[in-house]
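Student: Could you look at this predicted model? Sequence included:
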Amino acid sequence: MADLFSDEWMKKFMEEWNKEPDLSSALAKIGFSSNIGYGFLNQDTPLGVIVIENGMATKAGAYNGETLNWDLRASEESWAKWAKNGLGMVGLGMAYTTGKLKFKVGDYGAMIKDPRMAGPFIKSFTVMQSV
């Protein structure tokens, strides 16, 4: 397996994202388009980025200064755990409230209150299991 959030890992994540209808199709229904960065808590910038246009991942790879709508950070250990086991709604709430998952950019509160976004967000962690 490629290193978490490396260029190779992000490209595989993009493939898996687009294969999961509960993620890509669900987000297409609400016209979701965003640049999402992923990285570690102790770093200034994310390692990887995925570009979503109307629910579908159209580009992914190493972060290269893209403007982000979402920038998700956690420890390497937490990301590895979630990439292996996924993350449910309760786990997400605990990760956020305990500071294990940080949103450097993006509105967690607005996202989690909208089931059209919350469900696919949780599903993105399940998709990580396939990378």
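Tutor: Yep, that arrived. Residues are numbered from 1 along each chain as shown.

Student: Run through the residues that contact the nearest residue to residue 128 once chain neighbours are set aside.
Tutor: In space, and not counting its chain neighbours, residue 128 is closest to residue 83: 4.2 Å by Cβ to Cβ, 6 or more residues apart in numbering. Where C-beta positions appear, they are placed from N, C-alpha and C, glycine not excepted. Residue 83 is in contact with 4, 125, 128, 129, 131, counting by Cβ atoms under 8 Å, 6 or more residues apart in numbering.

Student: Out of those, grab the one that's most surrounded.
Tutor: The residue in the contacts of residue 83 with the most neighbours, by other Cβ atoms under 10 Å, is residue 128 (23 neighbours).

Student: buried sites along whichever strand or helix holds the residue nearest to residue 128?
Tutor: For residue 83, the element it lies in under DSSP states H and E is helix 76-85. Within helix 76-85, the residues scored as buried using 16 or more other Cβ atoms under 10 Å are 78, 79, 81, 82, 83.

Student: Mind picking the two most distant members of these?
Tutor: Of all pairs drawn from those, the greatest distance, 9.5 Å, lies between 78 and 83 (Cβ to Cβ).
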